[in-house]
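Participant: Provided below for reference: sequence and predicted model.
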Amino acid sequence: MELEKTTLDGVVILTPRAFADDRGLFWESWNLRQFKALGISTTFVQDNQSVSHLPGTVRGLHYQAPPHAQAKLVRVLAGEILDVAVDFRKGSPTFGHWAGAVLSAENRCQLLIPAGFLHGFVTRAPDTAVAYKCSDFYAREAEGSVRFDDPDLGIDWGIDPKTAVLSDKDAAAPLLRETETPFAWEAPE
Ligand SMILES: Cc1cn([C@H]2C[C@H](O)[C@@H](COP(=O)(O)OP(=O)(O)O[C@H]3O[C@H](C)C(=O)[C@H](O)[C@H]3O)O2)c(=O)[nH]c1=O
């Protein structure tokens, strides 16, 4: 498992080693022992999966507030996404900054997004299937969202935001400046 850091502390790209033979490929998509060896102590309790039929579908930017905050490990089973994390921790030197990674069934890359970050993605192929592990259980009452195309975030989704396929919830999401973050940044020891 290779680890590549991003511009956001704790948001990392993980690429599992694949084993090829005449039949195809095999890889371990997640291994707690390997994660610990990489210094990642996150453990997961819930697997999610979504399929989005149209390219240009945007899901996000979402979070769950404490005590139900979720770290996520995102990968693509079919198709391709631009996966995005936004630092949502009050006091963080990178508050409101974003980092993205292209995840696809082809490149096997995964994005680890710690609790305290907004998460969203845009699909870049038809019938894109996304699977992600969550470090806490779904808690509808703790859900929150921020507008994906908030000009203060300046995320380059690679699409015209006016053409995005959105849920009603995401279409009505507030701007970052209209949202009180429930997360606080803690300086590393
Ligand atoms: C997230 C979730 C949803 N649901 C139910 C609630 C709704 O009736 C239905 C669709 O939920 P939603 O529209 O929130 O799904 P997405 O827009 O894909 O949201 C997800 O996409 C972004 C990218 C995320 O990171 C979050 O995991 C999550 O917010 O599934 C559940 O039953 N369990 C769950 O864990």
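Facilitator: That came in fine, so what should we check first?

Participant: what's next to the longest helix seen in the chain, contact-wise?
Facilitator: Longest helix in the chain, counting residues (DSSP state H): helix 32-37. Residues from elsewhere that reach helix 32-37, judged by Cβ atoms under 8 Å, 6 or more residues apart in numbering: 1, 28, 41-43. For every residue, glycine as well, the C-beta is placed using N, CA and C.

Participant: again with stretch 86-101
Facilitator: So stretch 86-101 is contacted by 6-9, 11, 13, 61, 63, 82-85, 109, 111, 116-120, 146, 152-156, 176, 181, 183-185 (Cβ under 8 Å, 6+ apart).

Participant: Only whichever of these are buried, select them in ChimeraX.
Facilitator: The following ChimeraX line selects those of these that are buried, judged by 16 or more other Cβ atoms under 10 Å:
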select :6,8,9,11,13,61,63,82,83,84,85,109,111,116,117,118,119,120,146,153,155,176,181,183,185
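
Participant: residue contacts, the residue most central in space within the chain?
Facilitator: In the chain, the residue lying closest to the centroid (Cα atoms, centre = their mean) is residue 119, at 4.3 Å. Going by Cβ under 8 Å, 6+ apart, residue 119 touches 60-63, 72, 74, 83-86, 113.

Participant: Count the neighbours of residue 124 for me.
Facilitator: 20 (other Cβ atoms under 10 Å).

Participant: Nearest residue to it in space, please, no chain neighbours.
Facilitator: Leaving aside its chain neighbours, residue 124 sits nearest to residue 80 (4.3 Å; criterion: Cβ to Cβ, 6 or more residues apart in numbering).

Participant: got the contact list for that neighbour?
Facilitator: 102-106, 123-125, 128 are the contacts of residue 80 under Cβ under 8 Å, 6+ apart.

Participant: run the last query once more with 7 Å
Facilitator: 102, 104, 124-125, 128 (Cβ atoms under 7 Å, 6 or more residues apart in numbering).

Participant: Between those residues, identify the one with the most neighbours.
Facilitator: Most surrounded of the contacts of residue 80: other Cβ under 10 Å gives residue 128, at 25 neighbours.

Participant: Thought residue 50 was touching it, still the case?
Facilitator: No - using Cβ atoms under 7 Å, residue 128 makes no contact with residue 50, being 8.7 Å away.

Participant: Next, the residue nearest to the centre of the chain: phi, psi?
Facilitator: phi -130, psi 140 (degrees, to the nearest 10).
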